[in-house]
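A.B. asks: Provide a 3D model corresponding to the input given below.
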Amino acid sequence: MLHGTRFGDQESGLMQRYIGLGCFVVLTFGTTALANEDARNVLFVAVDDMRVELNCYGQTHVHSPNLDRLAARATLFERAYCQQAVCNPSRASLLTGLRPDTIHVWDLPTHFRQNVPDVITLPQIFMINGYHTQCIGKIFHNWVQDDYQGDAPSWSVPQVMHYNSHGNDHALVEGDLPPNLSSTPRTELRDVPDEAYFDGRIANLAKEALGELSLNRKPFFLAVGFWKPHAQFNAPKKYWDLYPEDSINLPENPLPPSGVPEIALHDSREIKRGFKLQPGETIDDSSVKSLRRGYYAAISYVDAQIGKVLDELERLGLRENTIVVFWSDHGYHLGEHGLWAKTSNFELDTQVPLMIAIPGQQPRRVDSIVELLDIYPTLCGLCGLSPSGDLQGQDLSKLCLGEQQPLKNYAISQHTRPAYPSAATPLTAIGYSLRTNRFRYTEWRSVPSGEILACELYDHQLDSRETMNLANEPDDATTQQIDELKSQLQQCLTASSD
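C.D. replies: Predicted coordinates:
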């Protein structure tokens, strides 16, 4: 067995149950043609909470040399968008190829198989077609659910380091733990090796798995999910050192957009809960800079871990037959709009980095709008697989290979209010956001009535930071534009629900 791990009695029993289910699914689809030995491998790399702030995306203040060199041989999508800016719905949507409303996943606890138990996930379709599928780290966001703890039907062997919480990513070292040199809440600055935290260990496990897979004649789909740059910001000291304190700027747009409806905002609890703020108080400027510095350090830390995996892929001679996909589940706010973390429909939360490197391809940059939802059908197209069921994304494989391809030129993102609905605070509204080439139009709709509670319109040609909600006091031309976008949004939502 390739790269197993130890489980407690409960998890071991669950794993056996799901491995059995996985075998049943394979038998059910036994007529599918199996991959041959020359089939392309897939290295599927995910990160958590990374906004589009990398050197290869033009953000020269960020040190991301390993992702930059991947971009230099990949199709880099300059305008890719997630379907919901929070981990579980975004990942469930990408990995099933279905929108959050289709699988009824809008929160952190719900597992997609509670609502669509027989759906075939992206790695599962590769397994059905004869690939060895393996997960190291966080790919599915299912650590909350005792009944699932990941998604065993998707993998050929048990998952590793997937079942945990970001809050448990404490520094582990032999001997005395070096002091925390940062006093800012939600940050940690210790002079420790990379392996002290989850992502350093995940990189090492991924390297070991690649070594074992290189000896196997079976093609593989290896998913490697890194936990950073998610908070808390605790990269080892050498990555903080890349960003001197005096190089960190405050956000350029620290205030909410003018005319923004209150429902579009949120309480930023993920970061602010570490600060003892009184009502109306904001995080002080020194702490804002420290948080931003820690976030950039986390980007460089995870970039270095990805570099280790890419180096091993090349050292083993696997690069020439392996498609590499890099993606983040959503973006992030670092004080812009007065917000921290995710759970909004603004550009900073919904736009994500996305790269697909195909052996032998010419590098290219794609300015067309795409969605994370498109990854599933695209990988099927690149590897010659037939998806099971009706996927709601678009196959971009021809575009990746340099051919002209008609695109939809819009993305649909959404979010709920409250931002983290629960039994105690049930879902009361959903905001649907249409991103076109020029505009972002968002409607906040009551649940379950569908009544429109508020609207937002941002003109990215004139206001790329989304500082002014034009829907607040529209003139005649803006009213006409809103009517057109309202109709387009409804058409898109209707098409998605058919």
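
A.B. asks: those strands in the protein, which residues are they?
C.D. replies: 41-47, 75-81, 132-137, 220-225, 322-328, 333-334, 340-341, 351-357, 364-371, 411-417, 429-435, 439-446, 452-459 (DSSP state E).

A.B. asks: Verify the contact between Arg435 and Ser413 for me.
C.D. replies: Yes - counting by Cβ atoms under 8 Å, Arg435 does reach Ser413; the two are 6.9 Å apart. Every C-beta, even on glycine, is put in place using the N, C-alpha and C of the backbone.

A.B. asks: Give the residues shared as contacts by these two.
C.D. replies: 81, 350 (Cβ atoms under 8 Å, 6 or more residues apart in numbering).

A.B. asks: Those two - which one has more neighbours?
C.D. replies: Of the pair Arg435 and Ser413, Ser413 is the one with more neighbours under other Cβ atoms under 10 Å, namely 28 against 24.

A.B. asks: tell me the contacts of the more buried one?
C.D. replies: 81-85, 345, 350, 432-433, 435.

A.B. asks: what would those residues look like in a markdown table with distance to Lys398 and pLDDT?
C.D. replies: Shown next, in a markdown table, are the contacts of Ser413 (distance: Cβ to Cβ, whole Å; pLDDT from 0 to 100):
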| residue | distance to Lys398 | pLDDT |
| --- | --- | --- |
| Tyr81 | 20 | 98 |
| Cys82 | 23 | 98 |
| Gln83 | 22 | 98 |
| Gln84 | 27 | 98 |
| Ala85 | 29 | 98 |
| Asn345 | 30 | 98 |
| Thr350 | 25 | 98 |
| Tyr432 | 29 | 98 |
| Ser433 | 27 | 98 |
| Arg435 | 22 | 98 |
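
A.B. asks: Make CSV out of the residues you listed and add distance to His337.
C.D. replies: Shown next, in CSV, are those (distance: Cβ to Cβ, whole Å):
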residue, distance to His337
Tyr81, 17
Cys82, 17
Gln83, 21
Gln84, 18
Ala85, 13
Asn345, 11
Thr350, 13
Tyr432, 19
Ser433, 14
Arg435, 16
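
A.B. asks: what angle sits between the longest helix along the chain and strand 41-47?
C.D. replies: Ranked by number of residues, the top helix in the chain under DSSP state H is helix 285-315. Angle of helix 285-315 versus strand 41-47, following axes from the mean of the first three to the mean of the last three Cα atoms, to 10 degrees, is 170 degrees.

A.B. asks: Measure how helix 285-315 sits relative to strand 322-328, angle-wise.
C.D. replies: Using the same axes, to 10 degrees: helix 285-315 against strand 322-328 is 170 degrees.

A.B. asks: Give me the average confidence score over helix 285-315.
C.D. replies: Here helix 285-315 scores 98 as its mean pLDDT.

A.B. asks: Which other helices and strands does that helix contact?
C.D. replies: In terms of contacts (3 or more Cβ pairs under 8 Å, 6 or more residues apart in numbering; DSSP states H and E), helix 285-315 is packed against strand 41-47, helix 65-71, helix 198-214, helix 237-240, strand 322-328, strand 333-334.

A.B. asks: What sits closest to the residue nearest the centre of the chain if chain neighbours are left out?
C.D. replies: For the chain, Asp329 is the residue whose C-alpha lies nearest the centre (Cα atoms, centre = their mean; 0.9 Å). Counting by Cβ to Cβ, 6 or more residues apart in numbering, Ser90 is the residue found nearest to Asp329 once chain neighbours are left out, at 4.3 Å.

A.B. asks: what does Thr343 give?
C.D. replies: Ala419 (3.7 Å).

A.B. asks: Gly200 now?
C.D. replies: Excluding the flanking residues, the one nearest Gly200 by Cβ to Cβ, 6+ apart is Asp194, at 3.3 Å.

A.B. asks: wait, what's in contact with that neighbour?
C.D. replies: 200, 203, 236, 301, 304-305.

A.B. asks: Can you tell me how far it is from Lys138?
C.D. replies: 17 Å (Cβ to Cβ, to the nearest Å).

A.B. asks: Please apply the same query to His104.
C.D. replies: 22 Å.

A.B. asks: do Trp227 as well
C.D. replies: Look at Trp227 and Lys138: by Cβ to Cβ, they are 6 Å apart.

A.B. asks: Same check on Asp483?
C.D. replies: 42 Å.

A.B. asks: With neighbour numbers in mind, choose between these two.
C.D. replies: With neighbours defined as other Cβ under 10 Å, Asp483 and Lys138 compare such that Lys138 has more, 30 against 11.

A.B. asks: So for that one, what's the nearest residue that isn't a sequence neighbour?
C.D. replies: Lys138's closest residue in space is Gly225 (Cβ to Cβ, 6+ apart), at 3.9 Å.

A.B. asks: How confident is the prediction for that neighbour, by pLDDT?
C.D. replies: On the pLDDT scale, Gly225 gets 98.

A.B. asks: got any residues that touch both of Trp227 and Lys138?
C.D. replies: Contacts common to Trp227 and Lys138, judged by Cβ under 8 Å, 6+ apart, are Asp48.

A.B. asks: quick one: terminal-to-terminal distance for stretch 229-244?
C.D. replies: Terminal residues of stretch 229-244 lie 18 Å apart, using Cα to Cα, to the nearest Å.

A.B. asks: same thing with stretch 103-121?
C.D. replies: 12 Å.

A.B. asks: And for stretch 116-123?
C.D. replies: Start-to-end, stretch 116-123 (Cα to Cα) is 16 Å.

A.B. asks: quick one: contacts of it?
C.D. replies: Here stretch 116-123 has contacts from 25, 44, 94-98, 102-104, 112-113, 128, 133, 135, 139, 151, 153-155, 221, 223, 375-376, 379, 387-389, using Cβ under 8 Å, 6+ apart.

A.B. asks: Check the offset of that stretch from the chain's centre.
C.D. replies: Remark: stretch 116-123 is offset 18 Å from the chain centroid, using Cα atoms, centre = their mean, to the nearest Å.
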